[in-house]
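>>> can you look at this prediction? I've put the sequence above it.
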Amino acid sequence: MCRWRRPGFPTNRCGWGFSRCPKLPTRASSACTTRFKSATGFAPLEYVQSLRLEAASELLEGSEEPVEEIAYRVGYENITFFRRLFRRQKGMTPAAYRRQFRAIHLGAL
């Protein structure tokens, strides 16, 4: 049976990753992936990336940490890949996201 649960913080450094997923025969793995996508709307890798980028967004909003450190904390060692993925999902770079959030936050005060 295929059971997926949302991890608290999906990074390899926190002990969760695809290496911990069960080693299933190809047909079972394919069925599991299909069920997962049906239930969540995402392929497993897309889902984990989405969770990581959401965690990065929260860190960008609430901390002064450099973007490189945030990328590493949420599981990305390649900063270029992280920026490209962030931009694809959020429509702007991590630095632009932080600036926009701060502008909105300061305007609300």
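Perfect, I can see it now.
>>> so the residue nearest to the spatial centre of the chain is in which element?
Among the residues of the chain, Arg52 comes closest to the average C-alpha position under C-alpha atoms, centre = their mean, at 1.9 Å. Using DSSP states H and E, Arg52 sits in helix 44-62.
>>> can you pull the buried residues of stretch 83-91?
If you call a residue buried by 16 or more other C-beta atoms under 10 Å, then stretch 83-91 has these buried ones: Arg83, Leu85, Phe86, Lys90. Just so you know, the C-beta spots here come from the backbone N, C-alpha and C atoms, and that holds for glycine as well.
>>> so how many other residues sit close to Glu58?
By the measure other C-beta atoms under 10 Å, the count of residues near Glu58 is 12.
>>> where's it relative to Arg73, distance?
Here the distance between Glu58 and Arg73 works out to 11 Å (C-beta to C-beta, to the nearest Å).
>>> got it, and Phe82?
According to C-beta to C-beta, Phe82 and Arg73 sit 11 Å apart.
>>> between these two, which contacts overlap?
Between them, Phe82 and Arg73 have Ala56 as joint contacts when contacts are counted by C-beta atoms under 8 Å, 6 or more residues apart in numbering.
>>> which of these two has more neighbours?
For the pair Phe82 and Arg73, the greater number of neighbours falls to Phe82 (23 against 18), based on other C-beta under 10 Å.
>>> report the contact partners of that one.
For Phe82, the contacting residues are Ala56, Ala71, Tyr76, Pro94, taking C-beta under 8 Å, 6+ apart as the criterion.
>>> so what pLDDT did the closest residue to the last one other than its chain neighbours get?
It stands for Pro94. Distances taken as C-beta to C-beta, 6 or more residues apart in numbering place Val67 nearest to Pro94, at 4.6 Å, with adjacent residues excluded. Reading off the confidence values, Val67 has pLDDT 97.
>>> nothing else from me, thank you.
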